[in-house]
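Participant: Let's see this in three dimensions:
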Amino acid sequence: MPARYEELHQRSLADPAGFWGEAAKDIDWIRPWDVVLDDSRAPLYRWFAGGELNTCWNAIDRHVEGGRADQPAIIYDSPVTGTKRILTYRDFRDQVALFAGALRDRGVVKGDRVLVYMPMVPEALVAMLACARLGAVHSVVFGGFAPHELATRINDAQPKVIVSASCGIEPGRVVKYKPMLDSAIEQATHKPESCLILQRPQEQASLIDGRDHDWEAAVAATTPADCVPVAATDPLYILYTSGTTGQPKGVVRDNGGHAVALKWTMEHFYGVKPGEVFWAASDVGWVVGHSYIVYAPLLHGCTTVIYEGKPVGTPDAGAFWRMISEYRIQTLFTAPTAFRAIKRDDPNALLLKNYDVSCLRALFLAGERSDPDTLHWAEDHLKVPVIDHWWQTETGWPIAGNPLGLGLFPVKYGSTCKPLPGWDVRILGADGHEVKRGDIGAIVCKLPLPPGTLATLWNAEDRFRKSYLSEFSGYYQTADAGFVDADGYVYVMARTDDIINVAGHRLSTGGMEEVLAGHPDVAECAVIGVADQLKGQVPLGFVVLKAGVTRPTEVIVREIVAKVRDEIGPVASFKQAIVVDRLPKTRSGKILRGTMQKIADAEPWKMPATIDDPMILEEIGDALRTIGYAVDKPAD
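Facilitator: From the prediction side, this is the model:
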């Protein structure tokens, strides 16, 4: 089987048009494409130019027409509310068509944007697919984001309609969404024409006359909408990812290449068959939710799972095992953080003995680096392949991983295995030339990228070029660093920018620094990501106070932590900050965040040649020791 991988990988690079043109036969097209790969505006490549299709049709309607009408499309399980629900493909089609009608009644047409700010309920998927049905562009914002972050996305996407719910539910508390939405709209310069609000039993939201409309009433008053043909190169969605300046970047995904690539990955990478139950334990607000809760499983004719709860505490560390056993889930995809939490609460996996998980065929982990201890623990207890794989919001599907659907390679712990077909991964030095095997450098992907990857940034083509295509001509810049070994295995070691990875959520330290700098007592600040056993990384703030500030530092720190929570949201997991006299900088004024991070994590580090005052690093080390972080001496 590895020979099959080699054959496909080589063909995908030598003849991308032939390779992906063949894969596209698994998708229903209203009009065939004129050209598989349009390179007329290289390096801005487009896939299946001239073709027309509808993503909603391919994800739902064609399965109803093709004999899967009574198969479950969605399993909804909410231990936090005690609710369970199953929607067949017919049920789902009918709900999507009616909600698309409700959007149409509010003036939504092809190309309009609809912002979705929802908890993990089936209606979130209904809203997304309803947009796809009309050819509208959805932009899903994670329900944990605070009003300020939501407002920035409203201003950028400029939605005609916002779809939301009265609340989200977390273990032990109700999170009121509507007040946060109202605050965001008040802050935003762009105002939506209307909002559709799903009222949940746990919280009834107040609706604003003329702007807000009740979901159920809107659906009851409409008629089903048909699928609207769209160009393969038309945008399907905008998904915002953190930028290094704190300004979110709107990744644009097209319709045609996206459908082709995601359908292909289900069989050839994840090894899943139509009709099987596939569970991506993530959230629709993140790229994993878009790709592998919503689109890929449905395009492939699988049953997908929507889970409103946590891996532990709903009610215990056996929550995942209960789900696998009850719904006979064949494939689970989640973040290493989830398994670290389960391992922390139930180190000997005693709760696993209460459930029959013999149906599980494979566990996939992604979203952050998977530590060998967690991989071994999962392998030992689940007795199935545990596959670490690597990809990004921008790519939309895996860059590298062990391809279960093509035959597994031997596992090398710490590596995400080999590049998937379609991906030409290289390691470059600062001079732009490839380094030798085993040497660390910038991980890049040779253009053109395969279908389904980001087409551009929303209304920001120049920023797209600068962010991803400018540093190394002819390559996509992943902003990750690592190496490829002699056997072609990829090792992703670290980010090369200031994005930190908190439990699989990519967050910008620059955005947090902007919040800290807004505190009236703060003169300057820095935020770094420090290692955390459960979440991979958590942010840690350093603040220098303005001269003359005499208020207690512990009070200021509490205010800073609360300010980040209010303006970015709990998802940032910002809980610690320390007051220091000064920050280490280069002579040109750049803060040495990387060195600070190594000191905090007790990693070997070298004195930067460009440092302005080496004594400052000793002061930083002393401050870190006061809050429990170990500090090693410089390596030399």
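Participant: And the residue of the chain positioned farthest from its centre, how far from Arg582?
Facilitator: Centroid-distance maximum for the chain: Gly548 at 43.0 Å, with CA atoms, centre = their mean. Gly548 sits 16 Å away from Arg582, going by CB to CB, to the nearest Å. Bear in mind the C-beta positions are built from the backbone N, C-alpha and C, glycine included.
Participant: go on, Leu196?
Facilitator: 51 Å.
Participant: hang on, Leu87 in a helix?
Facilitator: No - judged by DSSP: H, G, I helix; E, B strand; the rest coil, Leu87 forms no part of a helix; its state is strand.
Participant: Report the residue ranges of every domain in the protein.
Facilitator: 2-309+391-478, 499-625 (automatic domain parsing).
Participant: Helices along the stretch 501-636 of the chain, start to end?
Facilitator: 509-517, 553-567, 593-600, 615-625 (DSSP state H, counting those that start in this stretch).
Participant: about what we covered before: same drill for Leu196 and Arg582, tell me which one is more crowded.
Facilitator: Between Leu196 and Arg582, counting by other CB atoms under 10 Å, Leu196 is the more crowded of the two (25 against 15).
Participant: bridging residues for the spatially closest residue to the more buried one that is not a sequence neighbour?
Facilitator: Using CB to CB, 6 or more residues apart in numbering and skipping the chain neighbours, the partner closest in space to Leu196 is Val163 (4.9 Å). Val163 has these beta-bridge partners by DSSP bridges: Val116, Leu196.
Participant: Would you mind measuring from Val163 to Pro398?
Facilitator: 29 Å.
Participant: More neighbours: which of those two?
Facilitator: Val163 (29 against 26).
Participant: Now do the contacts for the more buried one.
Facilitator: Contact analysis of Val163 by CB atoms under 8 Å, 6 or more residues apart in numbering lists Val114, Leu115, Val116, Tyr117, Met118, Ala127, Cys195, Leu196, Leu198.
Participant: Give the burial count for the fourth one, as a bare number.
Facilitator: By the other CB under 10 Å criterion, the neighbourhood of Tyr117 contains 27 residues.
Participant: ditto for the second one
Facilitator: By the measure other CB under 10 Å, the count of residues near Leu115 is 27.
Participant: Tell me if I'm right that it and Ala157 touch.
Facilitator: Yes - the pair Leu115 / Ala157 is scored as a contact, 6.0 Å apart, by CB atoms under 8 Å.
Participant: Point out where this protein drops to low pLDDT.
Facilitator: 1, 242-246, 494-499, 506, 508, 586-590, 609-610, 630-636 (pLDDT under 70).
Participant: Pro72 and Leu87 touch, don't they?
Facilitator: Yes - between Pro72 and Leu87 a contact is recorded at 7.0 Å, counting by CB under 8 Å.
Participant: Go through the contacts of Val163 and name the one nearest Ile556.
Facilitator: Distance to Ile556, by CB to CB, is smallest for Tyr117 among the contacts of Val163, at 31.9 Å.
Participant: which non-adjacent residue is nearest Lys563?
Facilitator: That would be Val515: by CB to CB, 6+ apart, it lies 5.6 Å from Lys563.
Participant: which residues sit in contact with that neighbour?
Facilitator: Counted by CB under 8 Å, 6+ apart, Val515 has contacts Ile560, Lys563, Val564, Glu567, Ile568.
Participant: circling back: tell me which of the domains of the chain is the most buried.
Facilitator: For the domains of the chain, the stretch with the most neighbours on average is domain 2-309+391-478, a mean of 20; neighbours defined as mean count of other CB atoms under 10 Å.
Participant: sorry, back to before: can you list the contacts of Val163 in CSV and add distance to Gly107?
Facilitator: CSV is the format used below for those (distance: CB to CB, whole Å):
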residue, distance to Gly107
Val114, 11
Leu115, 15
Val116, 17
Tyr117, 19
Met118, 21
Ala127, 16
Cys195, 13
Leu196, 12
Leu198, 20
